[in-house]
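Enquirer: A structural model of the following input is requested.
(chains A and B)
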Amino acid sequence: MARGVAVLLGTKKGVYIFRSGAARERWRLEKPSFPGQPIYHVAFDPRDGESLYAGVNMTWGGPRVEISRDLGKTWKPGKNPAFPKGDERTFSRTWHIEAGHAKQPDVMWLGTEPASLFKSTDRGESWEPVRALNEHDDAKKWAPGGGGLGLHSIAVDAGDPKALTIGISSGGVYETADGGKSWTRMNFGLSSPVPLEADGDLTCVHHVVASPTVPGARFQQAHIGTYFKDAGEKKWTNMTKGLPTDYGFASAIHPRDPQTAYVFPLEFPMRMSPPAAGAAVWRTRDRGKTWKKLANGLPRGSSYEVMRDGMATDRLDPAGVYFGTTNGEVWGSADEGRTWALIAQHLPPILSVETATL
Amino acid sequence: MGKVTVKLHGAFSEFAAGARSASVEATDIAGALAGLVERYPGLAERLRDEHGKMREHVNIFANEEEMRYLDGERTALRDGDIVHIVPAVSGGEA
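Expert: Presented below is the predicted three-dimensional model:
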């Protein structure tokens, strides 16, 4: 029986952690960490139930990954990821940190800018480049999107420890079935903001997630469109119809049912703000065949923007859903999105939201 | 080789267990930085990237002169000199 949930926020000026009991009605703010420092992502390790990892992207002293073994009470920096000698690239930002498969309790994954993947086999204390991806034939063609050239999504398969899916803006989705020794571009079925020479060509993806319980199930919000892909499928299925726009960044998936997923549609171009239908999370329960607007409790007329890592679900039943906004508000739903309540406001711009089910 | 004081200003002292200064033996700034990092390894990746290049937003002074206007890291130091490591006050973004 879960004791409760912690919502982990990476913000433009520090790490903020809110904790609640299993009812998720009252939230308590823990002491913030790294005040003034941009945090792109905070990750929780559900395998040990106590480790947190924060991607600190400071100008002074450069980027680093901080590690906590006591749920954020204390932190210490790990050794930086490093590109090998002869590689002109320099680790300049952390985009995403992800705990490895349950059968590999010491493995952590790290996505960086410039777009590259690093693996740790000592719980984040040190990192080794995944050269088969970082030196992939496509790598020279990857190009920065509006936020930079980042490897921003790391989706660990629920079943196979050797199966991993990553997302790069701009480049697309890459999959490995052998633990990272080889990688295949998996953009088949994806639309693109620019004309493609062929299906599967390089394109811009915004956020890719894996079901934490169903092997092979993937979901993503791309630059254009919302897509599902299941085990054995060789291409993505566009399931955007029914949403107010085909654009957005955040995406999240239900902890047990991979047919249930969430997005936060935005307008594009010019306004990275909600469409005319209003700010809302949209949910599907049938793998994208139909979508429902979930705005019960959200203010009307707000111009919320939610970043790519800005929405997450917890592992409780019913599942909690959370999103953070660039104007410093974090909202939560304890009933799978049916109703929403404000957890906190007046925070710095929120760059990422993750959960720890404790 | 002279005895040099390296002063850590602002955020950099956090990566040196809170120390605000260190006394090292060195003949130039590169040597002073090497001595500092030997004592406080946590500063290594804060001062330089993985290729050894000094990070942006790190200003290093020999006494009262910024090293870019001297001989950079080859700037000679004498006994009693003070090296300051100062985070740049810069920005433009909130």
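Enquirer: list the contacts of residue A:349.
Expert: Listed by C-beta atoms under 8 Å, 6 or more residues apart in numbering or on different chains, the contact set of residue A:349 reads A:11, A:12, A:325, A:326, A:327, A:328. Backbone N, C-alpha and C define where each C-beta goes, glycine included.
Enquirer: residues in contact with the helix or strand that residue B:60 is a member of?
Expert: Remark: residue B:60 resides in strand B:58-62, with elements defined by DSSP states H and E. With C-beta under 8 Å, 6+ apart as the test, strand B:58-62 has contacts from A:60-61, B:29, B:33, B:47, B:54, B:66-67, B:70, B:73, B:75, B:77, B:81-88.
Enquirer: how far does that strand sit from the chain's center?
Expert: Remark: strand B:58-62 is offset 6 Å from the chain centroid, using C-alpha atoms, centre = their mean, to the nearest Å.
Enquirer: just want the most central residue of chain B.
Expert: The centre of chain B sits closest to residue B:85, judged by C-alpha atoms, centre = their mean, with a distance of 4.1 Å.
Enquirer: pretty sure it is touching residue B:6, no?
Expert: Yes: if you go by C-beta atoms under 8 Å, residue B:85 and residue B:6 touch, sitting 6.7 Å apart.
Enquirer: list the residues that contact both of those two?
Expert: Common contact partners of residue B:85 and residue B:6 (C-beta under 8 Å, 6+ apart): residue B:36.
Enquirer: quick one: low-confidence ranges for the chain?
Expert: Going with chain A. Chain A contains residues with pLDDT under 70 at A:269-271.
Enquirer: my bad, the chain I had in mind was chain B
Expert: In the predicted model, chain B carries pLDDT under 70 at residues B:90-94.
Enquirer: go again with 80.
Expert: B:89-94 (pLDDT under 80).
Enquirer: do you have the helices of chain A handy? List them.
Expert: For chain A, applying DSSP state H gives helices covering A:131-134.
Enquirer: count of residues packed around residue 77?
Expert: Picking chain A for this. 18 (other C-beta atoms under 10 Å in any protein chain shown).
Enquirer: the intended chain is chain B.
Expert: For residue B:77, the tally of surrounding residues (other C-beta under 10 Å) stands at 23.
Enquirer: that one against residue B:83, yeah?
Expert: Yes: judged on C-beta under 8 Å, residue B:77 makes contact with residue B:83 at a distance of 7.1 Å.
Enquirer: what sits in contact with each of the two?
Expert: Each of B:4, B:29, B:32, B:62 lies in contact with both residue B:77 and residue B:83 under the rule C-beta under 8 Å, 6+ apart.
Enquirer: among those residues, who's most crowded?
Expert: residue B:32 (27 neighbours).
Enquirer: near chain A, which residues of chain B?
Expert: Proximity of chain B to chain A is confined to B:10-12, B:15, B:42, B:45-47, B:49-51, B:53, B:55-58, B:87-88, B:90, B:94 under the rule C-beta under 8 Å from any C-beta of the partner chain.
Enquirer: name the element the residue lying closest to residue A:80 once chain neighbours are set aside belongs to?
Expert: With sequence-adjacent residues excluded and distances taken as C-beta to C-beta, 6 or more residues apart in numbering or on different chains, residue A:80 is closest to residue B:45, at 4.6 Å. Using DSSP H and E, residue B:45 sits in helix B:44-47.
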